[in-house]
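Trainee: I'll drop the sequence and a predicted model, then ask my questions.
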2 protein chains.
Amino acid sequence: MNITHLGLLAGALTSAAAIPQVVRTYRTRQARDISIWQPVLLNIGMVLWLIYGLVIGDTPLIVANIFSIVCYSFLIAMKILYKDDDKSTSCV
Amino acid sequence: MNITHLGLLAGALTSAAAIPQVVRTYRTRQARDISIWQPVLLNIGMVLWLIYGLVIGDTPLIVANIFSIVCYSFLIAMKILYKDDDKSTSCV
């Protein structure tokens, strides 16, 4: 395995990490315990990583970051949409 | 700003993204809506990014990933510790 493959695998894993969270939030419609600052800061940082990757011409960084930005944008949208309402209980 | 500074800023932001989530989870003792697979996959991926950063000698990648691995390890520990109990409600 050469170093680009290692980078691609690393990028695939860190990008794939967003999927179970996005799927769980979409299924449960619950985002109470998620801090909105996590996906917001991640997205700002990943836009910079994307620029960094483009400048140094690093394929793993470019691909991984585009995918993650899309995923975390969905998570931010759901966090806003679902608010912090607790839908699992009907009692106050 | 040169390219290393951009990478350092990007790394600082994506690493800092873990902080609000770790703080929120620690304060609320609630990790119900967090998928454990997110920090687990992130940590595996970031260990590979760390190796990648060490091999290509990229300081931003190395520093950012060590910090994030520590943060997400705390989050995994809290997710396991706090389970999925809903502590905000006493009614069933």
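Mentor: Noted; the coordinates are in hand.

Trainee: Any idea which residue is closest to the centre of chain A?
Mentor: A:Y72 (3.3 Å; CA atoms, centre = their mean).

Trainee: surely it meets A:L42?
Mentor: Yes - here A:Y72 reaches A:L42: they are 5.2 Å apart, a contact under CB atoms under 8 Å. C-beta here means a position set from N, CA and C on the backbone, and glycine is covered the same way.

Trainee: can you tell me which helix in chain A is longest?
Mentor: The helix spanning the most residues in chain A, taking DSSP state H as the definition, is helix A:59-82.

Trainee: Spell out which helix or strand contains the closest residue to the residue nearest to the centre of chain A other than its chain neighbours, please.
Mentor: Among residues not flanking A:Y72 along the chain, A:P39 sits closest, at 4.1 Å (CB to CB, 6 or more residues apart in numbering or on different chains). Assigned by DSSP states H and E, A:P39 belongs to helix A:37-56.

Trainee: got the buried residues for that helix?
Mentor: In terms of neighbour count (16 or more other CB atoms under 10 Å in any protein chain shown), helix A:37-56 has its buried residues at A:38-46, A:48-53.

Trainee: One more: stretch A:55-64?
Mentor: A:58, A:60-64.

Trainee: Where does pLDDT dip in chain A?
Mentor: Flagging of chain A using pLDDT under 70 yields the residue ranges A:84-92.

Trainee: Please repeat the previous calculation with a cut-off of 80.
Mentor: For chain A, the stretches with pLDDT under 80 are A:1, A:60, A:83-92.

Trainee: what residues does stretch A:43-56 touch?
Mentor: For stretch A:43-56, contacts defined as CB atoms under 8 Å, 6 or more residues apart in numbering or on different chains pick out A:58-62, A:65-66, A:68-69, A:72-73, A:76, B:3, B:6-7, B:9-17, B:60.

Trainee: Mind exporting the C-alpha coordinates of it to CSV?
Mentor: Extracted C-alpha coordinates of stretch A:43-56, given in CSV (Å, rounded to 0.1, in the frame of the first residue of the first chain):
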residue,chain,number,x,y,z
ASN,A,43,-17.6,22.4,7.8
ILE,A,44,-15.6,25.7,8.1
GLY,A,45,-12.5,23.7,8.8
MET,A,46,-13.1,21.3,6.0
VAL,A,47,-13.6,24.1,3.5
LEU,A,48,-10.1,25.2,4.5
TRP,A,49,-8.8,21.6,4.3
LEU,A,50,-10.3,21.5,0.8
ILE,A,51,-8.5,24.7,-0.3
TYR,A,52,-5.3,23.3,1.3
GLY,A,53,-5.8,20.0,-0.5
LEU,A,54,-6.4,21.8,-3.8
VAL,A,55,-3.3,24.0,-3.4
ILE,A,56,-1.0,21.1,-2.5
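
Trainee: Determine how far it lies from the middle of the whole chain.
Mentor: 14 Å (CA atoms, centre = their mean, to the nearest Å).
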